[in-house]
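In: here is a sequence with its predicted model. Questions after.
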Amino acid sequence: MVVPKLSTGCRAVPFITLSELRPRIWITLAGCNFRCKGCFSIARDPVGELMSVEQLVTLVKNSSRAYYGDTPLEEVVLTGGEPTLDRGYLVDLVARLKEFVGGVVLDTNGYLLDEDYLQELIAAGLTEVMFDLKAWDEKLHEWYTGYSNRRILENIRTAYGKVKLVVNTVYIPGIVDEREIERIAQFLAELDAKKEIDYRINRFRAELSHEKIARNPEPEELERAYSLVARHMKNSVIGKSCVRERRIEEKRGWITVFPDGTMKRRTLDDYRAENKHLGSERGSHE
C-alpha cells in the first residue's frame, strides 16, 4: 500500500452528519470550483470552521462513539462543496478514515479526479466514487456549472473498472430532463459492458436552490426518465441527493454535529433554517 504524503493544510467544515438508520457519517468539506445554478448547498462557499485532518478525524471518532456506541462505522461519505480541491488533505483524510471505517466514499463533480489522483485515493483506501454528472450537452454543462464536462466524462471512463462507481444526475425540468438523462444513460451503458455502474436520478428542489431556474419535477416526469434509463441500464433508481438508504414509510432526520462537537437532530425544515443561518453568518464576515 502506498503511504500518502501528509497534508499540512486545513479545510472549512460547517458540519458532519450522522445517519439515524445505519452507522454512516457524511463529512461536508466546504468550497467548490463549480458555481451550479441549481445548487442547494451552503457548502459551495468556504463556510464553517477550518479543521486539520487530525481535528476532523477526532470529531468523527468522538461523534460516532457518542451516537453509535461501540458499533463500528460502516461507511463515511466525503461530500461538499467539492472534496477534491485539496489533494493532499483528501488523500490523508481517506487514509486516516480507512483505519477504522468499513468503506470510504467520495462524492465529487469529478472535474479534478484524473487517473493519478484517483489511484492515489484508492491506494489510501477509497472504496467508491459517486460522480455528480450535471448534464450531457457540453454547452449546457458550461452554462450550468461554468465548466466543460469533457474532463469529467474522461475521468468517468478512466475510473471504470478501478473502483465501484455511482453516477448521479439531478432532473431539472426543461433543463436537464429526459433527453439529457437518457443520453447519459447511453454513455454509461456503452462504457459498462458488465452493467455494474449504478445510475441515480435525483429530484431538483426548487425551494432549496440558490437560483430559481426551474420548478420541482412531477412524479410522472421522473418515472418517464427512469423508464428511458432502464432501457439501457440495469442498476438505476430515482433517489435523493446524498441519500444512501431510506425507509419510505418513515420520516427521516439526521444528526448534525458541528465542529465544536455540538449535536442536533435536523429534519429537512431544520436543514433549510440552519443553511439560511450559516449563509447570514457568511455574509456578515465578507
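Out: Arrived safely, thanks for sending. Model, not experiment: these values are computed from the prediction.

In: just the terminal-to-terminal distance for stretch 27-35.
Out: 20 Å (CA to CA, to the nearest Å).

In: now swap in stretch 124-132 and tell me
Out: So stretch 124-132: terminal residues 22 Å apart, CA to CA.

In: ok, residues contacting it?
Out: Applying CB atoms under 8 Å, 6 or more residues apart in numbering, the external contacts of stretch 124-132 come out as 2, 4, 77, 91-92, 94-95, 97-98, 103-110, 113, 118, 152, 155-156, 159, 163-170. C-betas here are computed from N, CA, C, even on glycine.

In: try 7 Å
Out: Stretch 124-132 is contacted from outside by 4, 91, 94-95, 98, 103-110, 152, 156, 159, 163-168, using CB atoms under 7 Å, 6 or more residues apart in numbering.

In: for ChimeraX, what selects the buried ones among the residues you listed?
Out: The command below creates a ChimeraX selection of those among the contacts of stretch 124-132 that count as buried (16 or more other CB atoms under 10 Å):
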select :4,91,94,95,98,103,104,105,106,107,108,109,110,152,156,159,163,165,166,167,168
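
In: inside helices: which ones of the contacts of stretch 124-132?
Out: Among the contacts of stretch 124-132, the members falling in helices (DSSP state H) are V91, V94, A95, K98, I152, I156, A159.

In: check what pLDDT the fourth one gets.
Out: It stands for K98. In this model, K98 is scored at 97, pLDDT.

In: about what we covered before: now, which of the ones in helices among the contacts of stretch 124-132 sits nearest N235?
Out: Of all the ones in helices among the contacts of stretch 124-132, N235 sits closest to I156, with 15.0 Å by CB to CB.

In: distance of the closest one relative to K164?
Out: Distance, I156 to K164, by CB to CB, to the nearest Å: 13 Å.

In: what is the neighbour count of R157?
Out: By other CB atoms under 10 Å, 12 other residues sit near R157.

In: next one: the residue nearest to the spatial centre of the chain from M263, what distance?
Out: Centroid check for the chain by CA atoms, centre = their mean gives D107 as the closest residue, at 3.4 Å. Per CB to CB, D107 is found 22 Å from M263.

In: same deal with G31?
Out: For G31 relative to M263 (CB to CB), the value is 24 Å.

In: again, but for R11
Out: With CB to CB as the criterion, R11 and M263 are 21 Å apart.

In: repeat that for G174.
Out: From G174 to M263 the distance is 40 Å (CB to CB).

In: cool, and G48?
Out: 16 Å.

In: those two: who's more crowded?
Out: Higher neighbour count among G48 and M263: G48, with 23 against 13, using other CB under 10 Å.

In: that's a strand at A135, yeah?
Out: No: using DSSP: H, G, I helix; E, B strand; the rest coil, the assignment for A135 is coil, not a strand.

In: ok, it touching V176?
Out: Yes: counting by CB atoms under 7 Å, V176 is a contact partner of A135 at 5.2 Å.

In: re the thing from before, who's the residue nearest to the centre of the chain bridged to?
Out: Counting by DSSP bridges, D107 is bridged to M130.

In: same question, M51
Out: In beta-bridge terms (that is, DSSP bridges), M51 pairs with R11.

In: ok, it to F100 distance?
Out: Distance from M51 to F100, by CB to CB: 18 Å.

In: ok, K164 next?
Out: K164 sits at a distance of 20 Å from F100 (criterion: CB to CB).

In: ok, now F258?
Out: 22 Å.

In: settle it for me: which of these two has more neighbours?
Out: Taking other CB under 10 Å, F258 and F100 do not tie; F258 has more neighbours (16 against 13).

In: tell me which of A135 and V176 has more neighbours.
Out: More crowded of A135 and V176, by other CB under 10 Å: V176, with 27 against 22.

In: residue contacts, the more buried one?
Out: K134, A135, T169, V170.

In: and what of V94?
Out: Counting by CB under 7 Å, 6+ apart, V94 makes contact with V104, L121, A124, G125, L126.

In: thought K212 was touching F204?
Out: No: the criterion here is CB under 7 Å, and K212 misses it with F204 at 11.0 Å.

In: higher neighbour count, the two?
Out: F204 (22 against 10).

In: quick check, Q119 in a strand?
Out: No: under three-state DSSP, Q119 sits outside any strand and is assigned helix.

In: what count of nearby residues applies to it?
Out: 16.
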